[in-house]
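Novice: Have a look; sequence and predicted model below, questions after that.
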Amino acid sequence: MIFIRKLFLWTLLLSGFSLSASALDIEGSLVQGGFAYGKVAPGSTVWLDNKPIYVGEEGDFVLGFGRDHPAQSRLSISSPTTNSMETHTLDIADRDFDIERVNGLPPKTVSPPPEWAARRKLETGRVAKGRAAVSTDTFWKTGFIKPAKGRFSGFYGSQRILNGKPRSPHYGLDIAGPIGTPIYAPAGGKVTLAAPDFLLEGGIVIIDHGYGVSSTLFHMDTVTVSEGQIIEQGDPIGTIGEKGRASGPHVDWRLNWRSVRLDPALVIGLEGATSGTS
Ligand SMILES: [Zn+2]
């Protein structure tokens with residue numbers, strides 16, 4: 001529960017929001033990359049920016065905001081008892097992310113060879129499928145723990161411009177450590193993908209924490225869980241490696257709410273960690 005308080009306080013500081021009025025109760029980070037959750041009367045329907053979102057039996061729901069989320073979101077709630085619709089405007093705080101320009105790289109690191117395309121297509125399909133579940137599990141409610149010992153070596157949202165070409169931003173939190181360092185589940189859930197060696201990700205595990213929230217961990221040297229397995233927070237899932245496209249041994253932890261990429265640093269209380277490379 002420390003996690004909840006920390007995030008809540010931080011959000012208050014950052015965006016000064018208070019939404020405890022009426023039936024709405026939201027905690028978490030109303031910020032780009034932020035994870036938040038709330039509660040409404042059971043049986044309510046909730047829309048974020050006009051898209052329906054999953055509401056559990058007890059009225060709890062999860063929200064996530066992407067790296068480039070605009071300044072506001074609209075949360076609409078339809079209550080079954082009053083038969084009324086209420087709409088709240090959420091202010092989503094803006095963040096600055098590191099942009100790094102790297103020139104003079106050999107061309108190979110900029111554009112992958114064509115024979116990768118077919119294999120990549122299969123792999124990205126499996127990743128998308130692994131993150132697609134919106135299950136009724138509530139593993140996300142425990143909060144999250146840092147999945148490995150080690151130093152943070154890369155942060156969410158940073159972007160590199162290689163030989164003048166902007167690459168897609170880095171969406172993970174990198175933790176560097178020696179090859180073989182154990183990796184633990186940041187929260188419990190069902191393993192929806194476990195593969196030993198993807199082209200870019202190396203050893204990869206996806207854990208579905210419920211309500212569309214998932215963790216993806218990659219560059220793993222060994223993967224010791226299998227698809228379909230239910231694991232608890234802190235269970236070992238494999239070890240740190242440098243497989244795939246990795247410069248040095250580390251684990252890259254991604255946090256998703258459905259297809260929205262969130263900042264893992266925020267859910268473990270690393271407040272405002274945005275420096276791209278260390
Ligand atoms: Zn990374």
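Specialist: Now that the structure is in, tell me what you want to look at.
Novice: all strands for the stretch 151-278 of the chain, in order.
Specialist: According to DSSP state E, counting those that start in this stretch, the stretch 151-278 of the chain carries its strands in the segments 151-154, 159-162, 165-166, 173-176, 182-184, 189-198, 202-210, 213-223, 230-231, 236-240, 250-257, 260-262.
Novice: quick one: average pLDDT of the third one?
Specialist: In this model, strand 165-166 has a mean pLDDT of 90.
Novice: what helices or strands is it leaning on?
Specialist: Strand 165-166 sits against no helix or strand, with contacts defined as 3 or more C-beta pairs under 8 Å, 6 or more residues apart in numbering; DSSP states H and E. From N, CA and C alone the C-beta is placed, and that goes for glycine too.
Novice: Adjacent strands (with direction) for that strand?
Specialist: strand 159-162 (antiparallel) (DSSP bridges).
Novice: Just give me how far the strand it pairs with sits from the chain centre.
Specialist: Strand 159-162 sits 21 Å away from the centroid of its parent chain (C-alpha atoms, centre = their mean, to the nearest Å).
Novice: now the strands of the stretch 151-278 of the chain as TSV including mean neighbour count?
Specialist: Listed next are the strands of the stretch 151-278 of the chain as TSV, based on neighbours: other C-beta atoms under 10 Å:
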stretch	mean neighbour count
strand 151-154	16
strand 159-162	16
strand 165-166	10
strand 173-176	24
strand 182-184	21
strand 189-198	20
strand 202-210	26
strand 213-223	26
strand 230-231	16
strand 236-240	22
strand 250-257	26
strand 260-262	23
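Novice: Check whether Pro186 really touches Gly143, as I assumed.
Specialist: No. When contacts are counted by C-beta atoms under 8 Å, Pro186 is not listed as touching Gly143 (9.2 Å).
Novice: Looking at those two, which is more packed in?
Specialist: Pro186 (26 against 18; other C-beta atoms under 10 Å).
Novice: if I look at that one, how far off is Glu57?
Specialist: Separation of Pro186 from Glu57 (C-beta to C-beta, to the nearest Å): 25 Å.
Novice: Same question for Phe35.
Specialist: With C-beta to C-beta as the criterion, Phe35 and Glu57 are 21 Å apart.
Novice: Can you pick out the residue with more neighbours from these two?
Specialist: Regarding Phe35 and Glu57, a neighbour count based on other C-beta under 10 Å identifies Phe35 as having more, with 26 against 9.
Novice: and the longest helix for the chain?
Specialist: As assigned by DSSP state H, the longest helix anywhere in the chain is helix 116-131.
Novice: If you count neighbours, what's buried in it?
Specialist: Using 16 or more other C-beta atoms under 10 Å as the burial criterion, the residues of helix 116-131 that qualify are Glu123, Arg126, Val127, Gly130, Arg131.
Novice: Let me have these in CSV, adding pLDDT and distance to Gly234 as columns.
Specialist: Output for those, formatted as CSV (pLDDT from 0 to 100; distance: C-beta to C-beta, whole Å):
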residue, pLDDT, distance to Gly234
Glu123, 96, 28
Arg126, 96, 26
Val127, 96, 24
Gly130, 95, 21
Arg131, 94, 22
